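[1] Model the following, please.
(chains A and B)
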Amino acid sequence: MVISMKEVTTIPIGPQHPALIEPEYLKVSVDGETIVDVDINLGYIHRGIEGLMQKKNYVQDIYVAERVCGICSGSHTVAYSQAVENLIELEIPERAKYIRTIILELERLHSHLLWAGVAGYEIGIDTIFMSAWKDREYIMDLLEAISGNRVNYGMSTIGGVRRDVSKDIVPKIEKVMGVIEKRADYYANVFLSDNVILARTKGIGRFGHTDAEKFSAVGPVARACGIEYDIRKDGYAAYGDVEWEPVMARGGDVQAKVIVRLGELKVSASIIKQCLSKMPAGDIKAKAPVAIPENEAVSRVEAPRGELFYYARSNGSDKPERVRIRTPTYSNILTLKPALIGQQLADLPIIVAAIDPCFACTDRVALVDTRKDEEKVVDASYFRKIERR
Amino acid sequence: MDDELTFESLGKVVKKSKNATFIEVDACDLRRALTKLRLMGVKRIMTITGVDNGTDIEVIYHFDKDYHIINIKTKIPRKNSTIGSITTIYSGAKLFERELAEMLDVQIEGNRQPRNLFLCEGSPRAPLRKKENGD
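    Predicted structure coming up:
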């Protein structure tokens, strides 16, 4: 007699887990090794930044926006600055637009290289991790040479940029771009020909065009499903003056996302080279008023992870009435569910990493008592209490 | 039919710039306007913004059409704020509606709140609502 018994086990993954780079909590239901359901718990990054921005003035808010994300800090400052410039209908100098474009593309390069390294690490090939992060250092050095900083560049401001790109550094940037183009080809060859990598990426975490549209996916996640949606086509900063095409793929699996991101390395290098040759001389900043009359405006930037959206409303004072931020991961997070269901549990880290999720520091923790199957959310005082015991 | 599918047919166009259009609709007309927007080929919602302006709660739905941002604005009262869910038209709005409910204490009819999305226990209730003294 054959007894068939289907048993579903629930496994809590996170908020702190060796397979996850940042805190998040996935409650995964598995039948054997196959994922049958997943409950995604957000909130470990919540720092009340939108509320904080209402209490600071427009200039201070540039630095608050910069600290939303440690990887796409440049995208946040440009999106915020553009929103405020739209509020006062301020046209920024042409040279500032080119400098913003160069910074944004350098940021995309270092973010995609960081992602390639993490992807290698998640599938157990640490050589890729070390190699990609070594190449990323060339970009970090350039960002430091231009802005003086590696993470929060402090470049974009309301009305333009705070620092110029000097002539002396141009040959160095061009040289690094040549290196990156070659390395992009190398990584594409490795990711698309190595049998172990193919086994962990091809057909894994697949979800379709319809799901991507349904859940409003953005950035490389959407483009990997064949949706041609790249905010740079809007022509903000200097994107309207340079020639480039979005990198597209089909299938929506991990491999498609690899193809898009590695393809974008070459596109970014090409955009930077074009900007360097076309960049006009002149001012880098237009004068902006301190107080802003009542108005409302929106702004978008194609951050490395996709569309980054800002809404700003002014009330006549030096502080905004409301700033709304919609980061790309917030849009992409819903696609994790169709991507994970039906997959093997061992593929979870790479499927999660494939959307390149961006969660920041945790401000609270959820505890799961697996024996009692209870879940409770606690704050810092709870830990202080148990520390004293 | 195509002639009717213009921004003006959705509601009152209050502001138009190079990259964005702001349209005001009554809360009771919201579903009709968004259904029309869907027929215009707008398949994805970008986000939802809630603003407490001191007298009303403004809810702004942001959409993209060919790299042009369409902002559909509606107002609901500050007391017993309730708005219908739009997830049957735009399923991508699920989390944005939950965030709106959490941050501004707006009841979303038709979108279940199994737990808080961002705020932990002990957080201030509806942190983006203005205090009664106008803070």
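
[2] Tell me the helices and strands packed up against the longest helix belonging to chain A.
    Ranked by number of residues, the top helix in chain A under DSSP state H is helix A:94-122. Judged by 3 or more CB pairs under 8 Å, 6 or more residues apart in numbering or on different chains; DSSP states H and E, helix A:94-122 is in contact with helix A:73-87, helix A:126-147, strand A:160-161, helix A:170-193, helix A:254-278, strand A:295-303, helix A:348-354. C-beta here means a position set from N, CA and C on the backbone, and glycine is covered the same way.

[3] can we see that at 6 Å?
    For helix A:94-122, the elements it packs on are helix A:73-87, helix A:126-147, strand A:160-161, helix A:254-278, helix A:348-354, judged by 3 or more CB pairs under 6 Å, 6 or more residues apart in numbering or on different chains; DSSP states H and E.

[4] all strands of chain B, in order?
    B:12-16, B:20-24, B:45-52, B:56-65, B:68-77, B:82-84, B:107-109 (DSSP state E).

[5] mind checking which of the ones you listed is nearest chain A?
    Comparison of the strands of chain B against chain A by CB to the nearest CB identifies strand B:45-52 as nearest, at 3.8 Å.

[6] quick one: that closest one to strand B:68-77, angle?
    Angle of strand B:45-52 versus strand B:68-77, following axes from the mean of the first three to the mean of the last three CA atoms, to 10 degrees, is 40 degrees.

[7] residues from chain A in reach of chain B?
    A:42-43, A:46, A:51, A:213-216, A:233-234, A:298, A:309, A:311, A:322, A:324, A:326, A:364, A:377, A:379 (CB under 6 Å from any CB of the partner chain).

[8] By mean pLDDT, flag the weakest helix or strand of chain B.
    The helix or strand of chain B with the poorest confidence is helix B:7-10; it has a mean of 86 (mean pLDDT, DSSP states H and E).

[9] Give me the distance from that helix to the chain's centre.
    Mean-position distance between helix B:7-10 and its chain equals 17 Å (CA atoms, centre = their mean, to the nearest Å).

[10] Please point out which parts of that helix sit buried.
    For helix B:7-10, a neighbour-count test (16 or more other CB atoms under 10 Å in any protein chain shown) marks B:7, B:10 as buried.

[11] which residues touch it?
    Here helix B:7-10 makes contact (CB atoms under 6 Å, 6 or more residues apart in numbering or on different chains) with B:13, B:21, B:23, B:33, B:36.

[12] Please compute how far the longest helix of chain A lies from its chain's middle.
    For helix A:94-122, the separation from the chain centroid amounts to 10 Å (computed by CA atoms, centre = their mean).

[13] After whatever helix or strand A:Asn332 lives in, which helix or strand is next? Please name it.
    In this structure, A:Asn332 sits in helix A:328-332 according to DSSP states H and E. Where DSSP H and E defines the elements, the next helix or strand beyond helix A:328-332 is helix A:336-340.

[14] what's that next one packed up against?
    By 3+ CB pairs under 6 Å, 6+ apart, helix A:336-340 packs against strand A:34-41.

[15] same question for the strand it packs on, mean pLDDT?
    In this model, strand A:34-41 has a mean pLDDT of 88.

[16] Restricting to C-alpha, output that strand in CSV.
    These are the backbone C-alpha positions of strand A:34-41, laid out as CSV (Å, rounded to 0.1, in the frame of the first residue of the first chain):
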residue,chain,number,x,y,z
THR,A,34,10.1,22.9,-3.5
ILE,A,35,8.9,26.3,-2.5
VAL,A,36,5.0,26.4,-2.5
ASP,A,37,4.4,29.8,-0.9
VAL,A,38,6.3,32.7,0.4
ASP,A,39,5.3,35.6,2.7
ILE,A,40,7.6,38.6,2.3
ASN,A,41,7.9,40.8,5.4
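
[17] ok but A:Leu308 is inside a helix, no?
    No. Going by DSSP: H, G, I helix; E, B strand; the rest coil, the assignment for A:Leu308 is strand, not a helix.

[18] So for it, what pLDDT did the model give?
    At A:Leu308, the model reports a pLDDT of 94.

[19] Enumerate the residues of chain B near chain A.
    B:20, B:43-47, B:49, B:51, B:67, B:69, B:91-92, B:117-118, B:120-122, B:127.

[20] Mark which of these are buried, thanks.
    Among these, those classed as buried by neighbour count (16+ other CB under 10 Å) are B:20, B:43-47, B:49, B:51, B:69, B:92, B:117-118, B:120.

[21] Deepest-packed of the strands of chain B, please.
    When the strands of chain B are scored by mean count of other CB atoms under 10 Å in any protein chain shown, the highest mean neighbour count falls to strand B:45-52 (a mean of 24).

[22] ok, the residue in chain B positioned nearest to chain A - contacts?
    Nearest to chain A, among the residues of chain B, is B:Gly92, at 3.4 Å (CB to the nearest CB). The contact partners of B:Gly92, by CB under 6 Å, 6+ apart, come to A:215-216, B:45.

[23] Tabulate those (CSV), appending pLDDT.
    As requested, these are exported to CSV (pLDDT from 0 to 100):
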residue, pLDDT
A:Phe215, 87
A:Ser216, 89
B:Ile45, 93
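
[24] Any chance of JSON lines for these, columns distance to A:Arg108?
    Converted to JSON lines, these look like this (distance: CB to CB, whole Å):
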{"residue": "A:Phe215", "distance to A:Arg108": "23"}
{"residue": "A:Ser216", "distance to A:Arg108": "21"}
{"residue": "B:Ile45", "distance to A:Arg108": "25"}
